[in-house]
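Trainee: Structural data only, the sequence is not supplied:
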């Protein structure tokens, strides 16, 4: 059952490391989860590291523990178990050795059964204030604490409520989210003006027994150059606000060595526009010439258009390379390129989306996608 | 060892209690995230009070270095003493000063350490603390000594998510996200801070407040502390509940940005 949880978590895309899993088992061993409720919280706190994954965790937890089979003669077992528990309490405080994972799982199943009993039958379970035979050292003197949830909801029911769905990675991105993600793009080099580091000088001088030793450093400068290319108008209209937030964030960050932004429609053709309304534009070839392998290129667009708009001619009947060819040229020159797509991934099964995705690594324009995209930009170069 | 049960002035839900206790028992740092004003920083004090431990705070700034939390070596003082002072300057130990974490490691009793707003620091900061938080030990090269925690302190770390924290760091923490309180819990929180408010006023103020929070496009959604301020103003000005609904008095207490005030006006 526990392994079920592990596999379900993996299915939900939560990568649980062995370190965390061991910590979770240790928590069980120490008696941190004597009810399904506590098991839920223990697993979540140890295995999940961001609220964006809380919902995925809920889904996995529900799948793992929903409809857990219970033995028929629950009451007898319960009584027997409690008797044993009391005995243990009177005898030694504490040490109960879980010989193996299997034994532990069995115990856990038992406890889950008890939890169920409490809720279904409205039985007054004796657990509160009692003493757990499980767990060593720390917790033994403390007793089983049953979660104080009044309505008697089971943890599975809580998980089933999906109250964290709004925190999922596909939540609305605001300017701050963009800033947080974009600020991952840093590559510092000491190439600014020379400066006397006063604290460093004092430190070095003192270490040098008072002989003056100057500490001169160059300013740290972020070497990342960012180019933002945005699909504008048409099917991108509903995403205009989102894209403008990304633009605002990138512009406001001021941490990049250079930042430039261009607009295009559907795919890049002969011209890129710095402002669509005034038709200020620059030949795409010139923009491309200005780029180096150090530039980080971020495309934003839904990538879906009529196939001829990508594969043939130059979009609006102008001569020159096709949209796809332009994309390929950009990617060749700037290996650190990504495409952010505001459309949900289920719409990506479209010829032009596939073709673009094959040329530039594509990520959804969500908190999670953005993060993965930035990581990609950080590592590629 | 006793467990954290919340305190008279700190209303914690089941999940938070469970997660704090997990951190205490497992000896892992607890990373707390949540919207501003959900009580991340005061949690440490409440935990300390409930467990009968003392608490020390390490407030992180953009220039804070990881080693400062462990110890600093006051070379300048030593130089000064060598020239003008008295005492044995050969004893470097006299010039090693423990930081907040360092003090907690050598303390005779288990203490609570609050590392406040870790996301303010440089991106590398959490990585520099990985081993120290994992093993609860650090090395002082000047003395060639290793300081090992006598009792693993209860470490509570808050983050406003200004920056992403590195994965390796996250894996070593237990994590809790403080959800924004729903009406029921908010009522309890208000009762703690402003006892005895008339039910009708609360209802009206809550409707307005939660309505605002649901609005799309706010730059900063009003939080608990702003609600408390607003309620305080409403009471002092003697505003009747009907007016709270009809007029939305003192909006500036809840919304601090002009653009947000416009949004609220338009979508009312």
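Mentor: Sure thing, it's come through. These numbers were taken from a predicted model, which means no experiment stands behind them.

Trainee: All the helices of the stretch 51-200 of chain B, residue numbers only.
Mentor: B:66-70, B:75-83, B:100-106, B:125-128, B:130-135, B:167-171, B:183-193, B:199-214 (DSSP state H, counting those that start in this stretch).

Trainee: Any chance of a markdown table for the ones you listed, columns mean neighbour count and mean pLDDT?
Mentor: Just so you know, the C-beta spots here come from the backbone N, C-alpha and C atoms, and that holds for glycine as well. Shown next, in a markdown table, are the helices of the stretch 51-200 of chain B (neighbours: other Cβ atoms under 10 Å in any protein chain shown; pLDDT from 0 to 100):
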| stretch | mean neighbour count | mean pLDDT |
| --- | --- | --- |
| helix B:66-70 | 20 | 92 |
| helix B:75-83 | 16 | 85 |
| helix B:100-106 | 21 | 94 |
| helix B:125-128 | 20 | 89 |
| helix B:130-135 | 16 | 88 |
| helix B:167-171 | 17 | 89 |
| helix B:183-193 | 14 | 86 |
| helix B:199-214 | 17 | 88 |
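
Trainee: of all the ones you listed, which lies closest to residue A:231?
Mentor: Residue A:231 lies closest to helix B:199-214 among those, at 30.7 Å (Cβ to Cβ).

Trainee: tell me which element the residue sitting nearest the centre point of chain B falls in.
Mentor: Centroid-nearest residue in chain B, with Cα atoms, centre = their mean: residue B:41, separated by 2.3 Å. Element membership for residue B:41, per DSSP states H and E: helix B:40-51.

Trainee: Can that helix be said to contact chain A?
Mentor: No. Applying Cβ under 8 Å from any Cβ of the partner chain, one finds helix B:40-51 out of contact with chain A, separated by at least 11.9 Å.

Trainee: which one is the closest residue to chain B within the stretch 251-381 of chain A nearest to, not counting chain neighbours?
Mentor: Using Cβ to the nearest Cβ, the single residue of the stretch 251-381 of chain A nearest to chain B is residue A:371, 6.9 Å away. Among residues not flanking residue A:371 along the chain, residue A:181 sits closest, at 5.7 Å (Cβ to Cβ, 6 or more residues apart in numbering or on different chains).

Trainee: buried ones in the host helix or strand of the one you found?
Mentor: Residue A:181 belongs to helix A:175-182 when elements are defined using DSSP H and E. Neighbour counts over helix A:175-182 (16 or more other Cβ atoms under 10 Å in any protein chain shown) mark A:175, A:177-182 as buried.

Trainee: can you pull the contacts of residue A:312?
Mentor: residue A:322 (Cβ atoms under 8 Å, 6 or more residues apart in numbering or on different chains).

Trainee: got it, and residue A:296?
Mentor: A:185, A:224-227, A:334, A:336-337, A:377.

Trainee: Repeat that for residue A:160.
Mentor: A:58, A:62, A:66.

Trainee: about what we covered before: can I get the helices of the stretch 51-200 of chain B in TSV with distance to residue A:290?
Mentor: As requested, those are exported to TSV (distance: least, Cβ to Cβ, whole Å):
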stretch	distance to residue A:290
helix B:66-70	40
helix B:75-83	49
helix B:100-106	48
helix B:125-128	35
helix B:130-135	40
helix B:167-171	35
helix B:183-193	54
helix B:199-214	45
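
Trainee: In JSON lines, list the ones you listed along with distance to chain A.
Mentor: Converted to JSON lines, those look like this (distance: least, Cβ to the nearest Cβ, whole Å):
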{"stretch": "helix B:66-70", "distance to chain A": "12"}
{"stretch": "helix B:75-83", "distance to chain A": "4"}
{"stretch": "helix B:100-106", "distance to chain A": "19"}
{"stretch": "helix B:125-128", "distance to chain A": "12"}
{"stretch": "helix B:130-135", "distance to chain A": "10"}
{"stretch": "helix B:167-171", "distance to chain A": "4"}
{"stretch": "helix B:183-193", "distance to chain A": "11"}
{"stretch": "helix B:199-214", "distance to chain A": "11"}
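
Trainee: Could you list the low-pLDDT ranges of the chain?
Mentor: Answering for chain A, as no chain was given. A:1, A:67-158, A:163-173, A:188-192, A:276-277, A:313-319, A:381 (pLDDT under 70).

Trainee: was after chain B, sorry
Mentor: In chain B (pLDDT under 70), the answer is B:1-2, B:8, B:216-217, B:266-268.

Trainee: The residue of the stretch 251-381 of chain A closest to chain B belongs to a strand?
Mentor: No. Remark: residue A:371 does not belong to a strand; assigned using DSSP: H, G, I helix; E, B strand; the rest coil, it is helix.

Trainee: tell me the contacts of it?
Mentor: Applying Cβ under 8 Å, 6+ apart, the residues contacting residue A:371 are A:181, A:184, B:164.

Trainee: what does residue A:179 give?
Mentor: Here residue A:179 is in contact with A:249, A:252-253 (criterion: Cβ under 8 Å, 6+ apart).

Trainee: Drop anything exposed from these.
Mentor: Using 16+ other Cβ under 10 Å, the buried ones in the contacts of residue A:179 are A:249, A:253.

Trainee: Could you list which of the contacts of residue A:179 also contact chain B?
Mentor: Of the contacts of residue A:179, not one also sits near chain B (Cβ under 8 Å from any Cβ).

Trainee: quick revisit: so the residue nearest to the centre of chain B versus chain A, what's the distance?
Mentor: Using Cβ to the nearest Cβ, to the nearest Å, residue B:41 is found at 18 Å from chain A.

Trainee: pretty sure that residue is touching residue B:115, no?
Mentor: No. In this structure, residue B:41 is not within contact of residue B:115 by Cβ atoms under 8 Å, at 10.7 Å.

Trainee: Name the residues contacting each of these two.
Mentor: Common neighbours of residue B:41 and residue B:115 (Cβ under 8 Å, 6+ apart) are residue B:158.

Trainee: how about the residues of the stretch 251-381 of chain A that lie near chain B?
Mentor: Counting by Cβ under 8 Å from any Cβ, the stretch 251-381 of chain A sits next to chain B at residue A:371.

Trainee: what about the strands in the stretch 151-300 of chain A?
Mentor: A:188-196, A:216-222, A:225-231, A:258-264, A:271-275, A:280-283, A:295-300 (DSSP state E, counting those that start in this stretch).

Trainee: Highest mean neighbour count out of these?
Mentor: strand A:295-300 (a mean of 24; mean count of other Cβ atoms under 10 Å in any protein chain shown).

Trainee: what's the angle from it to strand A:258-264?
Mentor: 30 degrees (axes from the mean of the first three to the mean of the last three Cα atoms, to 10 degrees).

Trainee: So which elements touch the very next helix or strand once past strand A:295-300?
Mentor: Downstream of strand A:295-300, the first helix or strand assigned by DSSP H and E is helix A:307-311. Where contact means 3 or more Cβ pairs under 8 Å, 6 or more residues apart in numbering or on different chains; DSSP states H and E, helix A:307-311 is packed against helix A:323-333, helix A:351-359.
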